[in-house]
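# Got a predicted structure plus its sequence, pasted below:
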Amino acid sequence: MSEIVSGAQILCRTLVAAGVDTLFGYPGGAIMPFYHALPEYPGLRHILVRHEQAAAHAADGYARASGRVGVCVATSGPGATNLVTGLATAHMDSSPVVAITGQVSRAMIGRDAFQETDIVGITLPITKQSYLVQDAAELADVVLEAIAVAQHGRPGPVLIDVPKDVQNQKLEFAPSVGAQHAAPLPTAPDDGVGRAAALIAAAQRPLLMIGHGVILANAYAEVRALAEKTGIPVITTLLGISAFPEGHPLHLGMPGMHGEVHVNRAIQRADLIVGIGLRFDDRVTGNLAAFAPRAQIVHVDLDRTEIGRNVPVAVGIVGDAKTVTRELVAATATRRCEAWQAEIEAGRRAPDASFRGGMSPEAILGAIRDATNGTCTIVTDVGQHQMWVAKLFPYRRPNTHITSGGLGTMGFAVPAAMGVHVARPGEPVWAISGDGGFQMNMAEMATMVQEGLTVKLAVFNNGYLGMVRQWQQFFHGKRYSSTPIWSPDYVKLAAAYGIPGYRVEDASDLADVVSRANAVPGPALVEFVIEQEANVFPMIPPGGSLSEPIEAAV
Amino acid sequence: MTALRNVDVLLDDTLLTLNRAVGVLRRRNVGVARFAVRPCGSAGVSRMTFVLDTDAATADRVIQQFYKIVGVRAVEITTVQDPTTQEQP
């Protein structure tokens, strides 16, 4: 049955019908009709952020944690442009985010009206698809298609730009059956699985390298089955962390720029690498010309354009990681790689201890692990702390490590953790940042208080933009240009926001403070005062070979 | 082996789709020797034609990037030396 409604109401109704339950947003002039309609739809919970960038990151975090689309809302002009970093982050990490932006009325478009900007044009390279809705009659189909496009195949962000007069447009409306974008997922046109199985059977030194695609496809059991059936050691990329349990006898760790020496050595000595759901980006491969010189590569990816783009492949299989890995399990014969694994493990060694005193990343992360019984989801920013978490936190549960991998977005952790909490309200969520990244989006503490979001905030405070400082130390003659960074008193800052704040300067206090912060209802902030000039070891110099790690400060 | 390769992209004749398609060439840093857009003959469809001077593998990856764009209907590639498949001026 049809009735007369506004475009804004159609927007809300269609979001509800599509199963959307949470919006992260910030109102403004050109999106006001939407916000006027919103209270009529209590099924849509709106989280009022303090900056639109946070809305996009929170929607991204929600999407990564829930496996469903995350939705953010902003007004035209600066509201829309503030989304850009969040959309680029989601685009680089294949996260299904739908951004809804207000736009000036149709008659004003192109006149440089107040708060007008071509957000469709601005975001073209960082979205899968975008829409400028010219008629409210199109809105329902556009919203449903946008949600489908964002999630289908390799996920990614989609933008819907809605002029203010389209939101106000009244029309007779009947719920849409939906313009679904449900093209079949690509499948391998030839016997790639059979050829890959033959390579696995013949290999003497095979490796499995798994990435974000395994998490997106929920292919944990299949990957584990493949590893255990063949005995092939498993390497997890930064975004593949938690796709395979830490502590499993076959798990080696993270490769690449800050990968452990034995992991990178294994890559350089391997004669076969089976890569599933990763894109062999430069942080993984180092110098491409010197990457895995002895290895044939089997590459499984849902996105055909990734196959062979960065590394030459012997077998490329286009398909969903879960489906293809299941087929690989069926096609491969049981085998063991004990001698190869022993050779790799013989090269395992503890990294150079760059910390004085007890406030080491191991000790801090161990306290968080103990306080949460290892059940928490960790959301990290970008920098030294991100690498320490990636290398040291013992992930046991799938998809409990969320970070900005491709874009490397400082300021991601705090707002993204809000989205993770909304998606997983009953589970502990810790946002871990450095003192630089935390200060980028720390205003979201107000959002947490107002919206009742239980996120625990850990700030690794070393008084520097640590990773940049480390590069300055290694590659720029220790000229610490603009990397010392002052911080406010975080305990007082937390108090100003009305949340508990703690400072830990002595390792003997770690367990008690972290435990109390984790147990207190609502958000809490813990500042960890750490060694100022600690480094992340090992490190492959930018553009260097995986065979040439820096293992200690010179 | 590097060669001149003619790429025809059939796509929805909306500015947004065209803009996104051209953006692929820019964003992926693809060197284009010649470029043209014209009506295809079918209502609602345009033909974007460009010439790449590259190897077959790179050209194939460019084609696959176009297939990811919503609104792209078909992509065809030929070597420029094949006169039977070239567009007439």
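Now that the structure is in, tell me what you want to look at.

# And for residue 2, the neighbour number?
With no chain named, the answer covers chain A. Neighbour count for A:S2, taken as other C-beta atoms under 10 Å in any protein chain shown: 9. C-betas here are computed from N, CA, C, even on glycine.

# was after chain B, sorry
Counted with other C-beta under 10 Å, B:T2 comes out at 11.

# Spatially nearest residue to the residue in the stretch 451-554 of chain A that chain B sits nearest to, not counting backbone neighbours?
Using C-beta to the nearest C-beta, A:G543 is the residue of the stretch 451-554 of chain A that sits closest to chain B, at 18.2 Å. Leaving aside its sequence neighbours, A:G543 sits nearest to A:N287 (C-beta to C-beta, 6 or more residues apart in numbering or on different chains; 5.8 Å).

# what's the answer for A:G67, then?
Using C-beta to C-beta, 6+ apart, the closest residue to A:G67 is A:N218 (7.4 Å).

# same thing with A:P523?
Using C-beta to C-beta, 6+ apart, the closest residue to A:P523 is A:M448 (4.3 Å).

# Quick check: that neighbour is in a strand.
No - secondary structure assignment (DSSP: H, G, I helix; E, B strand; the rest coil) places A:M448 in helix, not in a strand.

# Please report how far it lies from B:V37.
From A:M448 across to B:V37, the span is 50 Å (C-beta to C-beta, to the nearest Å).

# Number of residues surrounding the residue nearest to A:G67?
A count of nearby residues for A:N218, using other C-beta under 10 Å, gives 15.

# quick one on the thing from earlier: of A:M448 and B:V37, who's got more company?
A:M448 (25 against 16).

# hang on, the residue of the stretch 451-554 of chain A closest to chain B packs against A:L288?
No - judged on C-beta atoms under 8 Å, A:G543 makes no contact with A:L288 at a distance of 9.5 Å.

# quick one, which of the two is more surrounded?
A:L288 (14 against 9).

# Okay, that one and chain B: tell me how far apart.
15 Å (C-beta to the nearest C-beta, to the nearest Å).

# which residues touch that residue?
With C-beta atoms under 8 Å, 6 or more residues apart in numbering or on different chains as the criterion, the residues that contact A:L288 are A:282, A:310-311.

# Start from the N-terminal end of chain B and give the helices.
Assigned by DSSP state H, the helices in chain B fall at B:15-27, B:56-67.

# Could you dump those helices into TSV with mean pLDDT and distance to B:T78 added?
Output for the helices of chain B, formatted as TSV (pLDDT from 0 to 100; distance: least, C-beta to C-beta, whole Å):
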stretch	mean pLDDT	distance to B:T78
helix B:15-27	92	18
helix B:56-67	89	10
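
# Could you dump those into a markdown table with mean neighbour count added?
A markdown table is the format used below for the helices of chain B (neighbours: other C-beta atoms under 10 Å in any protein chain shown):
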| stretch | mean neighbour count |
| --- | --- |
| helix B:15-27 | 17 |
| helix B:56-67 | 18 |
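
# Kindly reformat these as CSV containing distance to chain A.
As requested, the helices of chain B are exported to CSV (distance: least, C-beta to the nearest C-beta, whole Å):
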stretch, distance to chain A
helix B:15-27, 5
helix B:56-67, 4
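
# For A:G253, which of those helices is the nearest?
Closest of the helices of chain B to A:G253 is helix B:56-67, at 30.6 Å (criterion: C-beta to C-beta).

# which residues are in contact with the closest one?
Helix B:56-67 is contacted by residues A:304-305, A:308-309, B:1, B:3, B:5, B:7, B:9, B:21, B:24-25, B:28, B:30, B:52, B:54, B:72, B:75, B:77 when judged by C-beta under 8 Å, 6+ apart.

# quick one: which of those sit in strands?
Members of these lying in strands (criterion: DSSP state E): B:3, B:5, B:7, B:9, B:52, B:54, B:72, B:75, B:77.

# Please verify my assumption that the first one contacts B:D53.
Yes - using C-beta under 8 Å, B:A3 is in contact with B:D53, at 7.4 Å.

# so where is chain A shaky, pLDDT-wise?
Applying pLDDT under 70 to chain A picks out residues A:1, A:176-190, A:351-354, A:356, A:554.

# Swap in 90 and give it another go.
Within chain A, the stretches with pLDDT under 90 are A:1-2, A:174-191, A:308-309, A:348-358, A:396, A:543, A:548, A:551-554.

# May I see the domains of it written out as residue ranges?
For chain A, automatic domain parsing gives the domain ranges A:3-173, A:192-346, A:361-529.

# Chain A contacts on chain B?
Within chain B, the positions lying close to chain A (C-beta under 8 Å from any C-beta of the partner chain) are B:16, B:19-20, B:23, B:27, B:57, B:61, B:64-65, B:67-68, B:70.

# which two from the residues you listed end up farthest apart in space?
For these, the maximum inter-member distance is 29.6 Å, found between B:L16 and B:A57 (C-beta to C-beta).

# A:S130 belongs to a strand?
Yes - when three-state DSSP is applied, A:S130 is found to be in a strand.

# the strands in the stretch 351-500 of chain A, which residues?
Assigned by DSSP state E, counting those that start in this stretch, the stretch 351-500 of chain A shows strands spanning A:377-380, A:401-403, A:429-434, A:456-461.

# I'd like these written out as TSV, with distance to chain B added.
Putting these into TSV (distance: least, C-beta to the nearest C-beta, whole Å) gives the following:
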stretch	distance to chain B
strand A:377-380	28
strand A:401-403	24
strand A:429-434	30
strand A:456-461	35
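
# just so I know, which of those lies nearest A:R64?
Closest of the strands of the stretch 351-500 of chain A to A:R64 is strand A:401-403, at 5.2 Å (criterion: C-beta to C-beta).

# Pull the residues that contact that closest one.
Contact partners of strand A:401-403, identified using C-beta under 8 Å, 6+ apart, comprise A:61, A:64-65, A:238-239, A:241-242, A:377-382, A:386, A:389-390, A:393, A:395, A:412-413, A:416-417, A:420.

# Stretch A:436-450 too?
Contact with stretch A:436-450 is made by A:47-51, A:53-54, A:57, A:381-383, A:410-415, A:418, A:453-455, A:457, A:459, A:464-466, A:485, A:487, A:493-494, A:497-499, A:522-523, A:525, as judged by C-beta under 8 Å, 6+ apart.

# Serialize the domains of chain A to CSV and add fields for distance to A:P549.
As requested, these are exported to CSV (distance: least, C-beta to C-beta, whole Å):
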stretch, distance to A:P549
domain A:3-173, 26
domain A:192-346, 5
domain A:361-529, 12
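
# mind checking which of those domains is nearest B:G41?
With C-beta to C-beta, the closest approach to B:G41 among the domains of chain A belongs to domain A:3-173: 25.9 Å.

# Distance from the chain centre to that closest one, please.
How far domain A:3-173 lies from its chain's middle: 20 Å, per C-alpha atoms, centre = their mean, to the nearest Å.

# ditto for stretch A:342-355
Centroid separation between stretch A:342-355 and its chain, computed with C-alpha atoms, centre = their mean, is 28 Å.

# Would you indicate which residues of stretch A:392-403 are buried?
Across stretch A:392-403, burial judged by 16 or more other C-beta atoms under 10 Å in any protein chain shown covers A:392-393, A:395, A:398-403.

# Please consider this matter closed, and thank you.
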